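[1] this one's structure only:
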């Protein structure tokens, strides 16, 4: 499975277009992390707990998108885009979407 | 009275530690940028014909950075008169450069020589919340080209 954010694959021919696929996930961190982040708000700096959380959820979103693409028989996902939004206090939604294609 | 003292103490702590952390972070960013200078990044969508390689992978880098108490205070004051909020400018610059560096590190780990169609996306976490955590997430992603 090839996943890229350009519209084509170098050296390969796209033979079939299968439409858009997407994957999303909403995650929250436990209260302890939130508390630590609140303290970190005083001195500033990177919030490692949140970086970790968002990295994990982004991977999960991409995995779901790839699973969806596999299910419809694609072997590549092109033009992948990400978007993040915070839905509730302490929870973030990660959304990944792209175009599923068959490439040869 | 107690609240005033607490605020002042938090301001001083925020200023001192925030400045130290920021200086250290910038030093590390500049050093790592020099180390990864050989890896080229473009936001161009089309890869030139002569660089073609069928091995492409998606690479990402993300970072969440929080504001310190002092910056938050300065920005609140700045809100009254308007103008450039330089306290937040340096925060965002730091976050962007760090995200791009992490993306580059991931690309280098896979043996890439260039990254194409780089996109940088910023979102703020806990925006609408009162007493919330003022933090920004920056994510950089692109397509790494691995020559074979």
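    Right, received. Where do you want to start? Everything numeric here is computed off the predicted structure, so don't read it as measured data.

[2] Show me the helices in chain B, by range?
    For chain B, helices defined by DSSP state H occupy the ranges B:2-35, B:69-81, B:86-109.

[3] Let me see the mean pLDDT of the first one.
    By that I understand helix B:2-35. For helix B:2-35, mean pLDDT is 88.

[4] Tell me the spacing between the residue most central in space within chain B and residue B:24.
    Geometric centre of chain B, nearest residue: residue B:95, 1.3 Å, by Cα atoms, centre = their mean. Remark: distance between residue B:95 and residue B:24 (Cβ to Cβ, to the nearest Å) = 15 Å. (C-beta placed from N, C-alpha, C; glycine too.)

[5] Thought residue B:63 was touching the residue nearest to the centre of chain B, still the case?
    Yes. Contact criterion Cβ atoms under 8 Å: residue B:95 and residue B:63 qualify, at 5.5 Å.

[6] coming back round to it: how about the residue nearest to the centre of chain B, what does it touch?
    B:63, B:65, B:122, B:136, B:137, B:138 (Cβ atoms under 8 Å, 6 or more residues apart in numbering or on different chains).

[7] Return the members of those classed as buried.
    Among these, those buried by neighbour count (16 or more other Cβ atoms under 10 Å in any protein chain shown) are B:63, B:65, B:136, B:137, B:138.

[8] Show me those residues that map onto strands.
    B:63, B:65, B:136, B:137, B:138 (DSSP state E).

[9] beta partners of the first one?
    As for beta bridges, residue B:63 partners with residue B:138 under DSSP bridges.

[10] out of everything not next to it in sequence, what's closest to the closest residue to chain A within chain B?
    Proximity of chain B to chain A (Cβ to the nearest Cβ) peaks at residue B:68, 2.9 Å away. In space, and not counting its chain neighbours, residue B:68 is closest to residue A:44: 2.9 Å by Cβ to Cβ, 6 or more residues apart in numbering or on different chains.

[11] So is the strand ranked longest in chain A next to chain B?
    Secondary structure of chain A per DSSP E: the longest strand is strand A:14-28. No. If you take Cβ under 8 Å from any Cβ of the partner chain as the test, strand A:14-28 misses chain B, and the best it gets is 11.6 Å.

[12] mean confidence for that strand?
    89.

[13] what comes up buried for it?
    Neighbour count says strand A:14-28 has A:18, A:21, A:22, A:23, A:24, A:25, A:27 buried, by 16+ other Cβ under 10 Å.

[14] Quickly note the distance from the fifth one to chain B.
    Distance check for residue A:24 against chain B: by Cβ to the nearest Cβ, to the nearest Å, it reads 14 Å.

[15] Let's see the pLDDT reported for the closest residue to that residue other than its chain neighbours.
    Once flanking residues are discounted, residue A:24 sits nearest to residue A:95: 4.4 Å by Cβ to Cβ, 6+ apart. Residue A:95 carries a pLDDT score of 90 in this model.

[16] which residues touch residue A:95?
    So residue A:95 contacts A:22, A:23, A:24, A:61, A:82, A:83, A:84, A:85 (Cβ under 8 Å, 6+ apart).

[17] nearest to residue A:65, of the buried residues of strand A:14-28?
    Ranked by distance to residue A:65 (Cβ to Cβ), the buried residues of strand A:14-28 are led by residue A:23 at 3.4 Å.

[18] In the helix or strand bottoming out on mean pLDDT in chain B, which residues are buried?
    None of the helices or strands of chain B scores lower by mean pLDDT, DSSP states H and E than helix B:69-81, at a mean of 83. Judged by neighbour count using 16+ other Cβ under 10 Å, the buried positions of helix B:69-81 are B:69, B:70, B:71, B:72, B:73, B:74, B:75.

[19] Perfect, that will be all.
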